[in-house]
Every structure is written in C-alpha cells, then in structure tokens.
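Engineer: Have a look at this fold, sequence not included:
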C-alpha cells in the first residue's frame, strides 16, 4: 500500500487502537486519533499522531475533523468491550457501540470517506456450533456486547450495498500481550491476562475463575488469544486491501490463532512465566459467557497473507509481563 493516507482512528488512545496507530505511523501514514479518553490514555497516543479529544456521539466534532483533515480512511475502535457489564447495563452498550457508531457512519458517508475498518468481535457467534469458527457460521450473540457489534455489522452491509461503502470487519476475541512501549491499562481491569499478572505482581490477592462447570476439559471457558501486534498488522492489511481497488469491497475476517486456551491454562502459563504462585478462586459463571470461542483465521491468511508472528501463549504472556513490570501503574508512570 502506498504510504501517505490520512487515517482517523477512533479509540486510538486505547489498547488496540494505540498499537494500530503506532503501526500506521511507522508505515508512513498521517494519523488523527479521535478519543474521549474515558477509557484510553493520552500517553498511549503516538507522538507523531494528532489527538482530538471528543466523543463519537458529537457530530459537529466529527464533521470538523473529517472536513479539515481530508480523511482517506476511518478505523473504528471506540467501543465498550466488557461483555459481563453488557448483561447488567445493555442500554449503555447499545448507545455507545451501536447508536454512536451510526453517528460516525453517517458522517463518513456525508464526507465521502471511501474506506472503513471496523473492530468487531467473535462474540457475534455466541455459543458456536463448531470450532474453530468460520466467517460463514451463524451469528447469534449471547450477550448485549456482541449484539451491539452485530448491529453495526448489519449497518455496514446495508451501507455497502446501497452507498458503495468499502469496509472491512475484523472479528476477534482476546487481544493480549504488549509491544515495547504499549500495553493494557483498563480501569477497571476485566481482561484475564492483565488480571493474572496483577496477582503475580502483588497488586491483587487472587484471580477469580468465573465458572468451573462449562463443557470443556477443565470446566472453564476456552478462548483464543492473539498478540496485539499481530492483531494490528491484520488491520493494516485490511486497509491495504480496501485501498487496492476503486471497486467497493466488503471484507469480513476472523482473527485467531486457531487454538483455544482455558482459563486454568492461562493461569498456569502465567505462573511459569512470572515464577509466582498466583492464587485463584472459583466464582459463579458470568451471564452471557460462551463456553468456547476459537476463531479460524484461514480466510485472512489465504486472502491477505496474514501471518501472526507471536502465536505462542507463553510469549504473549511474557510480553505483557515485561510491559507490566516496566509500567507497574500503567500509563500513570
């Protein structure tokens, strides 16, 4: 892909968005990060990227950016991601993840931005009938988070058909690991690997295992974990594919390592990596948690030649542990 695109990255101060921004800048693109900083961090934004602090519900702010920067592509990461919380306050997720995405898409269409890359989720599949999951499998979310993302995918499909919007939707579940400079720092933290590492570092007494009676070998949930750098590279490949032709494109890809790890396995790997005991306590299941989510990425491997470089769980956890030790209070350092 020729360098020099003007890319708007919503949620670019967050975990995945910041790493995508870093790779975009390194590839020679101009990046505007659009983030309200409710979940993201100013320090996570690349020094060569412009930061606009605003909400995607603010149409005037969106118009101002799209009008003045001549944006060539939008990469959308600004969403609430806590599936468990979505089963307590679904209205927040539909407002932010779905309604606000529509506001963004309306602005994209009005300003004739030709490319849109959407950070979707494997939660669209709910309790899958088979694993690894393929893109053509049934979409039936078991939580409001997944449903809020599915509604955006449905909008994208209609906008592609009616307005000719070229878009890529990337479905994945557990981004993990860290780069040399960027890592996970959520408040509150809900992701398993950073929670486990907080226990290893003495910041938590133990880690909770939510549900031990799932129909899996260990009785705990099984998930696919992808290193955040590999995830980011897939987003850049999708952007390149959208930019390679003037014909409107619709690209839908799963992203995964093709192998799942149970909650107990993740904890055991973290014990080996950190050398710490990491006490765990058993708790009740969380509403809406599927037993197994493992995505096949054969389609994007074949079509875009995506090749994960850090596929081993031990290496993913080790990279996160290095970052956590260097940034014990996250981006507050």
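Structural biologist: Everything's here; your move. Remember, it's a predicted structure, so these values are computed and weren't measured experimentally.
Engineer: ok, now how distant is residue 159 from residue 299?
Structural biologist: 22 Å (C-beta to C-beta, to the nearest Å). (C-beta placed from N, C-alpha, C; glycine too.)
Engineer: got a list of what residue 170 touches?
Structural biologist: 117-120, 234-235, 238, 253, 255 (C-beta atoms under 8 Å, 6 or more residues apart in numbering).
Engineer: And the residue nearest to residue 266 when sequence neighbours are not counted, how far from residue 225?
Structural biologist: The shortest distance from residue 266 to any non-neighbouring residue, by C-beta to C-beta, 6 or more residues apart in numbering, is to residue 192 (5.7 Å). According to C-beta to C-beta, residue 192 and residue 225 sit 9 Å apart.
Engineer: Helices of the stretch 51-200 of the chain, residue ranges please.
Structural biologist: 59-69, 83-86, 90-93, 100-110, 144-163, 192-200 (DSSP state H, counting those that start in this stretch).
Engineer: So for residue 159 and residue 299, which residue has more residues nearby?
Structural biologist: residue 159 (21 against 17; other C-beta atoms under 10 Å).
Engineer: Tell me the pLDDT of residue 55.
Structural biologist: For residue 55, the model assigns a pLDDT of 98.
Engineer: Over to it: give its phi and psi.
Structural biologist: Main-chain torsions, residue 55, degrees, to the nearest 10: phi -100, psi 150.
Engineer: List the residues that contact it.
Structural biologist: Taking C-beta under 8 Å, 6+ apart as the test, what residue 55 contacts is 36, 61, 100.
Engineer: State the distance from the first one to residue 14.
Structural biologist: Translated: residue 36. 11 Å.
Engineer: Now for those two: what residues contact both?
Structural biologist: residue 78.
Engineer: So those two - more neighbours on which side?
Structural biologist: residue 14 (29 against 18).
Engineer: and the helices of the stretch 51-200 of the chain, which one's lowest on average pLDDT?
Structural biologist: helix 83-86 (a mean of 94).
Engineer: what helices or strands is it leaning on?
Structural biologist: helix 90-93, helix 144-163 (3 or more C-beta pairs under 8 Å, 6 or more residues apart in numbering; DSSP states H and E).
Engineer: Look at residue 212 and say how many residues are nearby.
Structural biologist: Residue 212, neighbours per other C-beta under 10 Å, totals 16.
Engineer: could you list every residue that touches it?
Structural biologist: 218-220, 282.
Engineer: Present those as CSV; the columns should include neighbour count, distance to residue 313 and secondary structure.
Structural biologist: Compiled in CSV, the contacts of residue 212 are given as follows (neighbours: other C-beta atoms under 10 Å; distance: C-beta to C-beta, whole Å; DSSP: H, G, I helix; E, B strand; the rest coil):
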residue, neighbour count, distance to residue 313, secondary structure
218, 15, 14, coil
219, 16, 19, coil
220, 23, 15, coil
282, 12, 22, strand
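Engineer: what would these look like in a markdown table with distance to residue 23 and pLDDT?
Structural biologist: Output for the contacts of residue 212, formatted as a markdown table (distance: C-beta to C-beta, whole Å; pLDDT from 0 to 100):
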| residue | distance to residue 23 | pLDDT |
| --- | --- | --- |
| 218 | 35 | 97 |
| 219 | 38 | 98 |
| 220 | 33 | 98 |
| 282 | 39 | 97 |
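Engineer: Export those as a markdown table, with columns for distance to residue 107.
Structural biologist: As requested, the contacts of residue 212 are exported to a markdown table (distance: C-beta to C-beta, whole Å):
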| residue | distance to residue 107 |
| --- | --- |
| 218 | 46 |
| 219 | 46 |
| 220 | 42 |
| 282 | 46 |
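Engineer: how far away is residue 234 from residue 298?
Structural biologist: 13 Å.
Engineer: So if I had to pick from those two, which one is more boxed in?
Structural biologist: residue 234 (24 against 15).
Engineer: give the contact list for the more buried one.
Structural biologist: For residue 234, counting by C-beta under 8 Å, 6+ apart, the contacting residues are 170, 253, 255, 300, 304, 306.
Engineer: Any idea how many residues pack against the third one?
Structural biologist: By that I understand residue 255. For residue 255, using other C-beta under 10 Å, the count is 26.
Engineer: Verify the stated contact: it with residue 296.
Structural biologist: No. Between residue 255 and residue 296 there is no contact under C-beta atoms under 8 Å: 9.7 Å.
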